[in-house]
Every structure is written in structure tokens, then in C-alpha cells.
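Undergrad: Sequence and computational prediction follow.
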Amino acid sequence: MALTVLCLSFLLILLLGAPVSFAIGLSCLATFFVEGMPLETGFQMMISGMNVFSFLAIPFFIFSGELMLHGGIADKIVNFARSLVGHWRGGLGLANVVACTLFGGVSGSPIADTSAMGGVMIPIMKREGYSAEYAVNVTTHASLTGALMPTSHNMIIYAFAAQTASGMVGSHFVRGVSIGDLMFAGLVPAFWIMACVLCAAYYQAVKHGYPKTTEGVSMITRFPGWLAVLRNLAAALPGLGVVAIIMVCIMKGVATATEAAAMAVSYSLVLTIFIYRTMSREKLLKALSKASKTTGVVLLLIGVSNMLGWQMAWLEIPEKISAALLTATHTPWLMLLYINILQVALGIFLDMAAHILITTPLFLPLAMAMGVGPVQFGIMLLLNCSLGLVHPPVGTVQFVGCAIGGVSVNSVMKSILPYYMAIWTAIQLVTYVPHFSNWLPTLINHHLVL
């Protein structure tokens, strides 16, 4: 009875158009009420879920990304990427991919990446002979690398959701997950996605003859020379330095992820106010406002998801899902395929933070039983969540890109397949080739990371 009330009320509230966090919280409270349990227990679970010291990293990472977004860092990264590959066939598209990947490392957010790079690049690409559909797909899919970069606050959320996971993975006992290991594990898949999206962008540019005017005349520019490339790189490097600060601090043990995030905020403030001098009072207030709003949304999701997690454990939902999947197959590769398909399907309807918090306790124990460690599973989960960001009906990143490009989602979806497959290949490599994501943290830590 309780499980029926939980599921039906959640779906009903979602269909009514309420935000995911409200749907989770209200459905949990409805279940508490039906079962005659004290509602105070639910609110205690909600507050304890948000009252975690390591979550201070989330507002710091979000604020740092907003400072970079409003501080003009995007323009310098675009200039560097355009001078490097802008003279090739589809050069602006290729420059867009490189710029989105680099700015994703700065912002740690696919949505912020799409807003910043899309706001700069999509209008330029449309003006210089590229279709709006091409410009939007290139931007939105390259922006997904932001979820895998060291500044990603979604990694912090996953680390929290997986902190109680423990068990044998092969012959190794694993407990919880290291945020530092996650940050390094995401780098190789992120640059793989960049390479695949570059190939897709180049293929479509050749196929359709981009860039060209309405008369079909090519608009390819000349290479500006390596001196110009180095000059633009020097201008962009200070902005990219925030990634190096976080990685070096965590790798050398100088600071925790929370402390490194605070250092990133300080660095971003100094950089945008005193070095680049692009941060005005109005931009700073706008960055503070946006960061506060995003932090509130994320922490509310964390709180209600902790209440949901407690209720799922009480109702033994993870055990029931595991039993149902194990009746279908005991073959590891097939089980992992089922998990990926379910994750992609859920990602279509759930926001990224909610997706991570709800599905980690459901699928991580099963994945560990199949020989997949929590670090590897974390990258799998982030990739599956990212794929949902470009897929309707939620598809937040795709909707942002389409709004900037002034084009409908339906028309963009007609040419999405090459870019969609770029993300899907990364999911398969992370799933079935453990060293694809694990070798870098293993190399840095000098011991096997799972």
C-alpha cells in the first residue's frame, strides 16, 4: 500500500506540473500520512540530509562558475578556440566544441556552459553561414562535458549519495567514494566526448558544406598564425587556472574538495575584478543572485531526496528492484546494459540532481555486485544523466540552446543522432572498459581505484 501511494502520488504531482523537489517531498509526506507515521520523522530526514559539511562545496562551485560566466571568461576561451581550429571546414562549430569543453571545466555545469557559449557562439554561427540546428546541437552536446569536470557540483552530490555504499567488488572491499577520484576519473571520458563531438561536427559540416552564405559561397577563414593562437591562449589561461587549482590541491592533499571550492571562488573574484577587470557591481549581484537560487534548488532536492531514500530503505525498494533485475539475468554485461537503459529512460524525466539522488541507492549495490566500483559507476551515472539533459520532455540543456538559437526542439532533434551517439559511446566505454575511467585516478594514487 505504501509503495503504491508513494509512486502514484509522485507521478500525479509531476503530471500536474510541480517541480521535481515538490513532487518528491509531497509524495513522501503522503506516504507517511497513509502509514500513520509521524511527519516529524520526514522533516528530520530532510534537514539532516542538507546538514552536511561537505555540501559547502556545492554553493562554492556554483558561485565560482557564475563568476566566470558573468566575468567575461567565455569570450577569451572562444577567441582561443576560434584561432586554433576556426580555419578548418566547419571551423566555428569545431571552435564551439573546444570552447564548450574548456568552459565546462570552469563552470562545472552543462546549463551554464550552454548559456555562456551558446549566447556567444550560436548567433555568430548563424550569421556566418551555419544552420541554427547545427549550432544548437554542437553547443548542447559539447556542454555536457561540464558534468564530468572537477568543478562539477553533481560529483559532490553523487559522492554524498554513495557514501554509505560498501561491499566486495571482485576481490577488493570498497567503502564509499572519494571526490578526488571522481574528479580525475571524469577527465578522460570528458575529452573523449569532445573528440567524438568534434568528429560529428566536422562530418555534418562537410556533408552540408558549412559555412556558407545563402548563395552557397564558402566562408572559411584563414589560419591566423601560431603567434595569434599563443596570444589568445595566454589570455584564456588565467580563467582555466581554476581547474588546475582544484586538481592540484586535491591531488597533493593541500585541501579538501570543500576548501578547494572556496579557493576557486576567491581566485575567480580576484581574476574577474582585479586582473581582467570585467566584473561590475551589477554583474556581481547577478552572479550572487543566480548562485543563491541554484544552491537553494539543489539543497532542497538533496533534503527531500534524503527523506525519499529513508523511505525507500524502509519499504525495501532497492532490494525489490535488485531481485526483479536478477530474475531477468545474472550475466554482468547484460545487467549493466539494463541499468544503463533504465538510467537513460529515467534521465528523460528527472533533473540531474534528483536523478543522482534517487537512483544511486537503487542501482549502485547491484552494479557493485556485477563488479563495477563506485567511481566507475559514478561516471556511468553522470553520463546517463547528461544524456537526459538533451532529450525532451525535460531536456533542460537542449531547451536553453533552442531558446538561444530561436529554433524549435523538434527541428533540432532531426539531426541529433551523430551527437547523441558520441555520448552513448562514452557510456559504453565507461561501462565495459573499467580502465577507461579508472586508470587516471589509479595512476595518481598509485593503487587500484574502483
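TA: On my side now, so go ahead.
Undergrad: Phi, psi for the most centrally placed residue in the chain please.
TA: Nearest residue to the geometric centre of the chain (C-alpha atoms, centre = their mean): residue 147, 2.2 Å. The phi and psi values for residue 147, taken as degrees, to the nearest 10, are phi -70, psi -20.
Undergrad: Next: residue 173.
TA: Dihedral pair for residue 173: phi -90, psi 130, per degrees, to the nearest 10.
Undergrad: now residue 163
TA: phi -70, psi -20.
Undergrad: That one against residue 176, yeah?
TA: Yes - using C-beta atoms under 8 Å, residue 163 is in contact with residue 176, at 4.9 Å. In short, each C-beta sits where N, CA and C put it, glycine included.
Undergrad: hang on, the earlier thing: quick check: the residue nearest to the centre of the chain vs residue 347, distance?
TA: 11 Å (C-beta to C-beta, to the nearest Å).
Undergrad: where do the contact lists of those two overlap?
TA: Common contacts of residue 147 and residue 347 (C-beta atoms under 8 Å, 6 or more residues apart in numbering): 385-386, 389.
Undergrad: most surrounded residue in these?
TA: Counting neighbours by other C-beta atoms under 10 Å, residue 389 leads the shared contacts of residue 147 and residue 347 with 28 neighbours.
Undergrad: And for it, nearest residue in space, chain neighbours not counted?
TA: residue 397 (4.1 Å; C-beta to C-beta, 6 or more residues apart in numbering).
Undergrad: ok, now which ones touch residue 374?
TA: Counting by C-beta under 8 Å, 6+ apart, residue 374 has contacts 162, 165, 174, 176-177, 364, 368, 450.
Undergrad: Could you single out the nearest of these to residue 2?
TA: Distance to residue 2, by C-beta to C-beta, is smallest for residue 364 among the contacts of residue 374, at 23.1 Å.
Undergrad: neighbours of that closest one, just the number please.
TA: 26.
Undergrad: That one sits in which helix or strand?
TA: According to DSSP states H and E, residue 364 maps onto helix 352-369.
Undergrad: Next secondary structure element downstream of that helix?
TA: Assigned by DSSP H and E, the successor of helix 352-369 is helix 374-388.
Undergrad: after that following helix, next one along is what?
TA: Helix 374-388 is succeeded, C-terminally, by helix 396-405 (DSSP H and E).
Undergrad: counting contacts, what elements does that following helix pack onto?
TA: helix 110-127, helix 132-143, helix 409-413 (3 or more C-beta pairs under 8 Å, 6 or more residues apart in numbering; DSSP states H and E).
Undergrad: How far away from the center of its chain is it?
TA: The chain centre lies 16 Å from the centre of helix 396-405; the measure is C-alpha atoms, centre = their mean, to the nearest Å.
Undergrad: What residues sit buried inside that helix?
TA: Of the residues in helix 396-405, 396-402, 404-405 count as buried by neighbour count, 16 or more other C-beta atoms under 10 Å.
Undergrad: ok, back up a step: do I have it right that the residue nearest to residue 389 meets residue 144?
TA: Yes - assessed by C-beta under 8 Å, residue 397 is found in contact with residue 144 at 7.1 Å.
Undergrad: shared neighbours of these two, anything?
TA: 110, 389-390.
Undergrad: quick one on the thing from earlier: winner for burial among the helices and strands packed on helix 396-405?
TA: For those, average neighbour numbers computed from mean count of other C-beta atoms under 10 Å are highest in helix 132-143, which has a mean of 29.
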